[in-house]
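> Got a sequence here, can you model it:
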Amino acid sequence: MMISSSCRLAVLCLFLLACRSGIRNAVADERQPVPPLLSVTKQAGDFRFLLTGTDQNAPGLWVIQSSFNMDAWEDLAVMEDRNAAGVLMMDMPAESLLIEGRSGRFFRARSFDGDAQALRFYLEARTKWQASGVDSYSMDVNWQVSWFFWDGNIVVRNNQVISAVARNSNFFEPPEPKTIDDWFAVLKHAIDRNAERIDVTYNKLYGFPQSVYIDMSRMIADEEQGWTITNFIPHR
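You can find the predicted model right below:
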């Protein structure tokens, strides 16, 4: 299924049925200039992604994204390796892509011109967090936005905040409490917008962004923010 796009994102979307291993690939007319094209095949328990039509000398990199509804897209991994023909290639274990209870999945590739290292570290950390399977926990959060701060304890159950108790805060109104997934989303937004400064320390055991400072632009005052997460306790 080809998807056109006015931006640099959509290259090719494929619908992957969890009960099938065969995937149809689009065929391009070799007499015409070939745009970037993503194809997927299943080989010995792995899914192989091939992205043709990319310029090896062009700046930036390509990222595989997935979606269950073609509305919300999630970055999966960075494509960096090329085969002998110069085609971008990446293998991913099938078990990491086939999710129980979900009948299908779409894939596409997007170009990324931001901080490649920040994106790689983010994806590695988020994968570690997702693999932990922790969806209920408590944590202390110290969050600062410009001159405002919130310090307190948050309890999450089944990925939903059930309590947020402030110890100290100077917000005029209590800020919306965040889960670990929410903090990942804030960090990802800054990476995608190519913030001028992002300092991150990820938790070594669970992968969540434990200490973060973000400055979107040094030319704009009072938009910096940062947070630290301590006393993280999983609830089994």
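
> going forward, measure contacts between C-alpha atoms and count neighbours the same way
OK.

> tell me the secondary structure for the residue most central in space within the chain?
Centroid check for the chain by Cα atoms, centre = their mean gives residue 75 as the closest residue, at 4.1 Å. What DSSP: H, G, I helix; E, B strand; the rest coil gives for residue 75 is strand.

> Just list whatever residues bridge to it.
Taking DSSP bridges, one finds residue 65 as the beta-bridge partners of residue 75.

> now it: how far from residue 185?
Distance, residue 75 to residue 185, using Cα to Cα, to the nearest Å: 11 Å.

> one step back: now do the same contact list for the residue nearest to the centre of the chain.
63-66, 123 (Cα atoms under 8 Å, 6 or more residues apart in numbering).

> any idea how far it is from residue 189?
12 Å.

> Same question for residue 195.
From residue 195 to residue 189 the distance is 9 Å (Cα to Cα).

> Show me which of those two is the more surrounded one.
Taking other Cα atoms under 10 Å, residue 195 and residue 189 do not tie; residue 195 has more neighbours (17 against 12).

> Do you know the pLDDT at that one?
The model reports residue 195 with a pLDDT of 93.

> Repeat that for the one 5 residues further on.
At residue 200, the predicted lDDT confidence score is 97.

> and it, what element?
Residue 200 is located in strand 197-202, with elements delineated by DSSP states H and E.

> How far does the helix or strand following that strand sit from its chain's centre?
Next in sequence after strand 197-202, counting helices and strands by DSSP H and E, comes strand 209-215. The chain centre lies 16 Å from the centre of strand 209-215; the measure is Cα atoms, centre = their mean, to the nearest Å.

> how near is residue 108 to residue 177?
Distance from residue 108 to residue 177, by Cα to Cα: 32 Å.

> Repeat that for residue 58.
41 Å.

> Residue 61 too?
Applying Cα to Cα to residue 61 and residue 177 gives a distance of 34 Å.

> More neighbours: which of these two?
residue 177 (20 against 17).

> Distance of that one relative to residue 140?
For residue 177, the distance to residue 140 - Cα to Cα - is 11 Å.

> tell me the helices in this protein, going along the chain?
Using DSSP state H, the helices of the chain run over 116-132, 180-192.

> Tell me which residues of the longest one come out buried.
The reference is to helix 116-132. 118-119, 122-123, 125-129 (16 or more other Cα atoms under 10 Å).

> Relative to residue 36, which of those is nearest.
Nearest to residue 36 out of those is residue 119 (Cα to Cα; 21.4 Å).

> so what's that closest one up against?
residue 191.

> Ok, the one 4 residues further on next?
By Cα under 8 Å, 6+ apart, the contact list for residue 123 reads 75-77.

> swap in residue 70?
residue 106.

> any weak-confidence spans in this protein?
1-34, 98-103, 221 (pLDDT under 70).

> ok, of the buried residues of helix 116-132, which one's closest to residue 52?
residue 119 (22.1 Å).

> Wait, residue 108 touches residue 37, no?
No: here residue 108 does not reach residue 37: they are 9.1 Å apart, not a contact under Cα atoms under 8 Å.

> which ones are touching residue 118?
residue 191.

> Sounds good, over and out.
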